[in-house]
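[1] My questions concern the predicted model and sequence given below.
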Amino acid sequence: LLVIEALGPVIDWHQRGLVLLGPGLTSDPRCHFVNADFFALAKSEFGFNPGQPRRRFHAVLLDIDHSPRDLLHSSNGAFYEPAGLRALVAHLYPGGVFALWSDEAPDDEFMDALGGAFSSCRAHVVTFPNPLTESDSASTVYVACL
């Protein structure tokens, strides 16, 4: 498992056990944290693992922006366009999977972009009890396969 995290303090929280799953992840020799910009690595020819350039992955799971349209930073937007998704495909094995969490309803334009880079894609609406609002909330999980 390779975790790409842009914020060094978040990695530190995991290492210090301040995050619930932190001790289990940081003590597992199969798990490695990389302090880097996911979006920069996704578009680079060298990929996500600085120690193993051009390494491919079976799956990339992403939870950074609120949605493909509601971005934490405007520079992230290029990733959700066809060219950005095609760059990601270069880092996946044949048959690889990309999954993305979104806090919004399914986005037809993003589904079209996924369809241009992957052989299949689906948007799954996931409803869950939200203890903060004391009601149900819904998110979308996009799953795209090569």
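    Ah, there it is. Numbers count the residues shown, from 1 in each chain.

[2] Leu132 and His32: what is the separation?
    Distance, Leu132 to His32, using Cβ to Cβ, to the nearest Å: 32 Å. C-beta coordinates here come from the backbone N, C-alpha and C atoms, glycine included.

[3] tell me what the helix or strand that contains Glu109 is packed against?
    Using DSSP states H and E, Glu109 maps to helix 108-117. Under the contact criterion of 3 or more Cβ pairs under 8 Å, 6 or more residues apart in numbering; DSSP states H and E, the helices and strands touching helix 108-117 comprise helix 82-89, strand 120-130, strand 135-145.

[4] between it and helix 82-89, what angle do the directions make?
    Using axes from the mean of the first three to the mean of the last three Cα atoms, to 10 degrees, the direction of helix 108-117 lies 50 degrees away from that of helix 82-89.

[5] Can you give the distance from helix 108-117 to the centre of its chain?
    When C-alpha coordinates are averaged (Cα atoms, centre = their mean, to the nearest Å), helix 108-117 and its chain have centres 16 Å apart.

[6] next one: stretch 119-132
    15 Å.

[7] which residues are contacting it?
    Here stretch 119-132 makes contact (Cβ atoms under 8 Å, 6 or more residues apart in numbering) with 105-107, 111, 114-115, 135-146.

[8] Sort out which of those residues are buried, if you could.
    Asp107, Met111, Leu114, Ser139, Thr140, Val141, Tyr142, Val143, Ala144, Cys145 (16 or more other Cβ atoms under 10 Å).
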